[in-house]
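Novice: I'd like to go over a predicted model; first the sequence, then the structure.
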Amino acid sequence: MNEAQNPKLQLEQYIAMKVKQKRSEQGLKITDVARIAGLSQGMISKIENAQVSTSLDTLNRLCDAIGLSISQLFSDYDRPTGSAQLVKAGEGMEVVRRGTEKGHTYQLLSYHRGKKKSYEPFLITMDDAAEVFPTFSHPGQEFIYLLQGRIQYRHGNHLYEMEPGDALSFDAEVPHGPELLREVPIQLLSVIHYDED
């Protein structure tokens, strides 16, 4: 099948799905719709199974019979399908980062990236209050949001006391990282956004 035929086939399948769905919602049988629309049961069955390319007149009569306007029928046809990614709780990919050896656990919450990575979201867990943590410095901007625990966080020469619900945004080139884990376990969301260049 060549590419020119694919859009037509997709359109027929789309019409079939929408018509069958609306007829079912209305609680109508094919025989009812055939009688109301003045069409044969065979024709309606073929439309609902994407086996026929129908005329606009036939399609209009069918839509009138099931209470579906032509504009409603095609309202979702050209809508982009999207490419969202859902990562269920606890299913982020564990990755090794510089802080891993010091007691951080990193879960990467989004894996699909284009040719160039623009951001990385992590769920970071720390549970040993006695650990001494290194400072980090890397390209981009970082946003952290504390979900659980209490922490003193360093950015350059400044120390920030953070509790659940607190957020901190900063230039990630400046040395930063946990100074004191005041109450463990600590769980924070970190999103690193990389500059265009």
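Specialist: Cool, got the structure.
Novice: Regarding the protein, what is its longest helix?
Specialist: Scanning the chain for the helix with the most residues, using DSSP state H, yields helix 5-25.
Novice: same for that one, what does it pack against?
Specialist: Helices and strands touching helix 5-25, as assessed by 3 or more CB pairs under 8 Å, 6 or more residues apart in numbering; DSSP states H and E, comprise helix 41-48, helix 56-66, helix 70-74. Every C-beta, even on glycine, is put in place using the N, C-alpha and C of the backbone.
Novice: Give the buried residues for it.
Specialist: For helix 5-25, the neighbour count (16 or more other CB atoms under 10 Å) marks 12, 15, 16, 18, 19, 20, 22, 23 as buried.
Novice: where does this protein dip in pLDDT?
Specialist: Applying pLDDT under 70 to the chain flags residues 1-9, 78-83, 95-104, 111-117, 196-197.
Novice: If we use 90, what do you get?
Specialist: Low-confidence segments of the chain (pLDDT under 90): 1-18, 21-22, 24-27, 48-57, 68-120, 125-139, 194-197.
Novice: Tell me where it has strands.
Specialist: Assignment of strands within the chain using DSSP state E yields the ranges 93-95, 104-108, 119-126, 141-155, 158-162, 167-171, 176-193.
Novice: any idea how far the spatially most central residue of the chain is from residue 110?
Specialist: By CA atoms, centre = their mean, the chain has its centre lying nearest to residue 84, at 2.8 Å. For residue 84, the distance to residue 110 equals 10 Å [CB to CB, to the nearest Å].
Novice: For the helices and strands packed on helix 5-25, give me TSV that also has mean neighbour count and distance to residue 143.
Specialist: Listed next are the helices and strands packed on helix 5-25 as TSV, based on neighbours: other CB atoms under 10 Å; distance: least, CB to CB, whole Å:
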stretch	mean neighbour count	distance to residue 143
helix 41-48	18	50
helix 56-66	17	49
helix 70-74	13	41
